[in-house]
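Novice: Need a 3D model of the following:
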Amino acid sequence: MNVSHAVEQRVSIRRFKPEAPSADLVRDILERASRAPSGGNLQPWRVFALTGEPLARLKELIAAEPPQEEPEYAIYPPNLWEPFRTRRFQNAEDLYATIGIAREHKAERLQQMGRNAEFFGAPVGIFVCIDRGLGPPQWADLGIYMQTVMLLAVERGLDTCPQEYWANRSKPVSAFLKLPPELMLFAGIALGWRDETAPINRLRARRDPFESWGEMIGF
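Specialist: Numbering: from 1, shown residues only. Purely as a prediction, here's the structure:
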């Protein structure tokens, strides 16, 4: 498999099979991903991978916890403007259409959103953290690291879903992982094999054409 194929094949999966990949395979993916670019070679990522009984305990803890009052950071700016608002809205409509949940069925939509806290049934849950003293350039490094993890997963026949949702559950997760105060939970990644029978996994997010966001200058 080449990189172009991995990029084309990667999609966010929201229903997984229960079978877990081996510890060696998961570690190999996470370790190889550390070759991702990092400004000044700071390598700001701190990564925790959970499966089995520890992951089950975490899910039970999250289910019993009341909603967190304030997220770790704002996942979206308030009063999102165009074209970002329409893109987000359209993606949500496309997602819920795959499982037949209409816009007015808010309780069902919230229930589906809550499956984030279960890693969508994935057998492996990954948390990516960063030192609170670091800034936007290092946050970009984390995104590059996560993308590298996801492309390596595709190469190995695995599927993923990146989840900034965990900013809404950072306190109980941080306590569970015994994170020191200086470490901030940035995001999660669900990892495993997709359930091919799940309609929600048919979603392929739209992308705007190059002409709407790119320019070629001097070519």
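
Novice: All the helices of the protein, residue numbers only.
Specialist: Assigned by DSSP state H, the chain shows helices spanning 3-9, 23-32, 52-64, 84-98, 106-114, 136-155, 170-177.

Novice: Going by mean pLDDT, which of those helices comes out lowest?
Specialist: Lowest mean pLDDT within the helices of the chain: helix 106-114, a mean of 89.

Novice: Could I have the CA atoms of that one written out in PDB?
Specialist: The C-alpha trace of helix 106-114 is given here as PDB (Å, rounded to 0.1, in the frame of the first residue of the first chain):
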ATOM      1  CA  LYS A 106     -32.400  15.300  19.500                       C
ATOM      2  CA  ALA A 107     -32.400  12.600  22.200                       C
ATOM      3  CA  GLU A 108     -31.300   9.900  19.700                       C
ATOM      4  CA  ARG A 109     -28.600  12.200  18.300                       C
ATOM      5  CA  LEU A 110     -27.300  12.800  21.800                       C
ATOM      6  CA  GLN A 111     -27.300   9.100  22.400                       C
ATOM      7  CA  GLN A 112     -25.200   8.600  19.300                       C
ATOM      8  CA  MET A 113     -22.900  11.400  20.300                       C
ATOM      9  CA  GLY A 114     -22.500   9.700  23.700                       C
END
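
Novice: Tell me the buried residues in it?
Specialist: Neighbour counts over helix 106-114 (16 or more other CB atoms under 10 Å) mark 109, 112 as buried. Where you see a C-beta, it was placed from the backbone N, CA and C, and this is true even at glycine.

Novice: And for stretch 36-55?
Specialist: 36, 38, 44, 45, 46, 47, 48, 49, 50, 51, 55.

Novice: quick one: which of the residues you listed sit in strands?
Specialist: 46, 47, 48, 49, 50, 51 (DSSP state E).

Novice: which stretch among the helices of the chain comes nearest residue 209?
Specialist: Among the helices of the chain, helix 84-98 comes nearest to residue 209, with 12.9 Å by CB to CB.

Novice: and the closest one, how far out from the chain's middle?
Specialist: Averaging C-alpha positions (CA atoms, centre = their mean, to the nearest Å) puts helix 84-98 17 Å from its chain's average.

Novice: same check, this time on stretch 22-39
Specialist: Worked out by CA atoms, centre = their mean, stretch 22-39 lies 16 Å from the chain centre.

Novice: okay, that stretch in PDB with CA atoms only?
Specialist: Presented in PDB, the C-alpha positions along stretch 22-39 are these (Å, rounded to 0.1, in the frame of the first residue of the first chain):
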ATOM      1  CA  SER A  22      -2.100  -7.400  19.500                       C
ATOM      2  CA  ALA A  23      -0.100  -5.300  21.900                       C
ATOM      3  CA  ASP A  24       2.900  -5.700  19.500                       C
ATOM      4  CA  LEU A  25       0.900  -4.300  16.600                       C
ATOM      5  CA  VAL A  26      -0.500  -1.300  18.500                       C
ATOM      6  CA  ARG A  27       2.900  -0.500  19.900                       C
ATOM      7  CA  ASP A  28       4.600  -0.700  16.500                       C
ATOM      8  CA  ILE A  29       2.100   1.700  15.000                       C
ATOM      9  CA  LEU A  30       2.500   4.200  17.900                       C
ATOM     10  CA  GLU A  31       6.200   3.900  17.900                       C
ATOM     11  CA  ARG A  32       6.600   4.300  14.100                       C
ATOM     12  CA  ALA A  33       4.300   7.300  14.200                       C
ATOM     13  CA  SER A  34       6.900   9.100  16.400                       C
ATOM     14  CA  ARG A  35       8.800   9.700  13.100                       C
ATOM     15  CA  ALA A  36       6.200  12.400  12.400                       C
ATOM     16  CA  PRO A  37       7.600  15.900  11.900                       C
ATOM     17  CA  SER A  38       8.100  17.900  15.100                       C
ATOM     18  CA  GLY A  39       9.200  21.500  15.200                       C
END
